[in-house]
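*Asks:* The sequence and its predicted three-dimensional model are supplied below.
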Amino acid sequence: MTALRQLEFPDAAPLELVSVGDWWRFAVSCLVRSDAEFGQSSADAGQDALFLVLGALDLPLDSFDQMHGFALTNSERKHVFNALRKRVLDRVPTAYVLGFAEQMGLRFVVDERVLIPRSYIGELLAGGLRDYIDDPASIASVLDLCTGSGCLAILAANAFPDADVTAVDISADALDVARENVALHGLDDVVSLHQGDLFAPLGKARFDLIISNPPYVTAESMAMLPQEFRHEPELALAAGDDGNDILRRMLQEAKAHLTPDGILLVDMGHNRDLVEAAFPRLPFMWLATESGDAGVFMLHARDLP
Ligand code: GLN
């Protein structure tokens, strides 16, 4: 829905706003009036405002019911106001304003060097892929391609505690953020990070499970990308005319890096039709998540060319 009025953003924190609830309400209105875009770490204005206000106040993101009636100090009011100004006037996504994002209850440090965590693979991993993998102990090695912040590698390490996790990204900058997150979650001995193009840094290594949320945005969508998404690295999003540039190369090499019973799990967002059109012979199995049908497919090593 397009707001009818342009936002007149105040010059200073309005004095009438006292409580956490007041600030949440104000933030929702500002986001709606400014036609803010969502979908990076929150689905709508209500969620985004919740994340922004509670996050800026260092309160747990699920504590609104307890906290909404409590007052902010003057310095907290300034701080929340400045965060909201960056979000609304500069169109900076809330996760970058705050410097973190949460995925499946885990907190990850993020900034403009990495994509904001949001892949449905996170949800699938948190459920241990129970519907698809009979014995989680059979997963001894996991590879996360295009690891970005390292979020999926870290969720995989938690989902498969017996597994060694390898994570690769082409961006050295992204790997610096991933390294920070791996340390934050105490997984330095479990997750190893490598810089390079897809499988290039891995030699002949094979894995029981390969996961990836690769760049898959089409050239047409890149041209129409809302401002918020332009704060994310183009390298993490753009994937050629049909959005399949990275996937195409991944599929060529995946079999050589999977064990005989290995599984490949890839998030392709809304591009299911484009993927099926480009690879008509591959028996993609599209996985359902609790939050609805998602663009994550599974292929077995035996299905791959
Ligand atoms: N694996 C990271 C994520 O899912 C980064 C993905 C990317 O940069 N394309 O958030």
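*Replies:* All right, it came through fine. Residues are numbered from 1 along each chain as shown.

*Asks:* From now on I want contacts and neighbour counts done on CA atoms only, so please keep to that.
*Replies:* Noted.

*Asks:* secondary structure class for the most centrally placed residue in the chain?
*Replies:* Against the mean C-alpha coordinate of the chain, by C-alpha atoms, centre = their mean, the closest residue is P117 at 1.7 Å. On the three-state scheme (DSSP: H, G, I helix; E, B strand; the rest coil), P117 is labelled coil.

*Asks:* close enough to count as contact, it and M104?
*Replies:* No: counting by C-alpha atoms under 8 Å, P117 stays clear of M104, with 10.0 Å between them.

*Asks:* Just the mean pLDDT for stretch 276-287, thanks.
*Replies:* Averaging pLDDT along stretch 276-287 yields 96.

*Asks:* where along the protein do the strands fall?
*Replies:* According to DSSP state E, the chain carries its strands in the segments 100-103, 106-109, 141-145, 164-169, 191-195, 207-212, 258-267, 285-289, 292-300.

*Asks:* Could you identify which of those strands is most buried?
*Replies:* Comparing the strands of the chain by mean neighbour count (mean count of other C-alpha atoms under 10 Å), strand 141-145 ranks first with a mean of 26.

*Asks:* Just the CA trace of that strand, in CSV.
*Replies:* Extracted in CSV, the C-alpha atoms of strand 141-145 (Å, rounded to 0.1, in the frame of the first residue of the first chain):
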residue,chain,number,x,y,z
SER,A,141,30.6,-33.0,6.7
VAL,A,142,28.7,-29.9,5.6
LEU,A,143,29.7,-27.3,3.0
ASP,A,144,28.1,-23.8,2.9
LEU,A,145,28.7,-22.1,-0.4
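
*Asks:* wait, does it make contact with the ligand?
*Replies:* No: contact of strand 141-145 with the ligand (C-alpha under 6 Å from any ligand atom) is absent, the minimum separation being 7.1 Å.

*Asks:* And for that strand, what's in contact with it?
*Replies:* Here strand 141-145 makes contact (C-alpha atoms under 8 Å, 6 or more residues apart in numbering) with 152-153, 156, 163-169, 198-199, 207-214.

*Asks:* make it 6 Å
*Replies:* Contacts to strand 141-145, defined as C-alpha atoms under 6 Å, 6 or more residues apart in numbering, come from residues 153, 163-168, 207-212.

*Asks:* Ok, stretch 102-121 next?
*Replies:* For stretch 102-121, the external contacting residues (C-alpha under 6 Å, 6+ apart) are 96, 99-101, 148-149, 173-174, 181, 232.

*Asks:* Going by neighbour count, which of those residues comes out on top?
*Replies:* G148 (31 neighbours; other C-alpha atoms under 10 Å).

*Asks:* Hmm, it is touching A172, no?
*Replies:* No: using C-alpha atoms under 6 Å, G148 and A172 do not qualify as a contacting pair, with a distance of 9.6 Å.

*Asks:* Around G69, how many other residues sit close by?
*Replies:* Neighbours of G69 using other C-alpha under 10 Å come to 13.

*Asks:* so who does it touch?
*Replies:* Contact analysis of G69 by C-alpha under 6 Å, 6+ apart lists S19.

*Asks:* could you measure it against P14, distance?
*Replies:* 17 Å (C-alpha to C-alpha, to the nearest Å).

*Asks:* ok, now how distant is A153 from P214?
*Replies:* Distance of A153 to P214, given as C-alpha to C-alpha: 13 Å.

*Asks:* the more surrounded of these two?
*Replies:* A153 (33 against 29).

*Asks:* For that one, list the residues it contacts.
*Replies:* D144.

*Asks:* go with 8 Å
*Replies:* A153 sits in contact with 143-144, 147, 165-167, 191, where contact means C-alpha under 8 Å, 6+ apart.

*Asks:* Make CSV out of the residues you listed and add distance to R272 and pLDDT.
*Replies:* Below are the contacts of A153 laid out as CSV (distance: C-alpha to C-alpha, whole Å; pLDDT from 0 to 100):
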residue, distance to R272, pLDDT
L143, 23, 98
D144, 21, 98
T147, 21, 98
V165, 27, 98
T166, 27, 98
A167, 25, 98
V191, 30, 98
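
*Asks:* Considering the residues you listed, which is situated nearest to V32?
*Replies:* The closest of these to V32 turns out to be T147 (C-alpha to C-alpha; 32.4 Å).

*Asks:* what's that closest one in contact with, if anything?
*Replies:* 153, 167-169, 175, 178, 212-213.

*Asks:* From T289, how far off is it?
*Replies:* Counting by C-alpha to C-alpha - T147 and T289 are separated by 21 Å.
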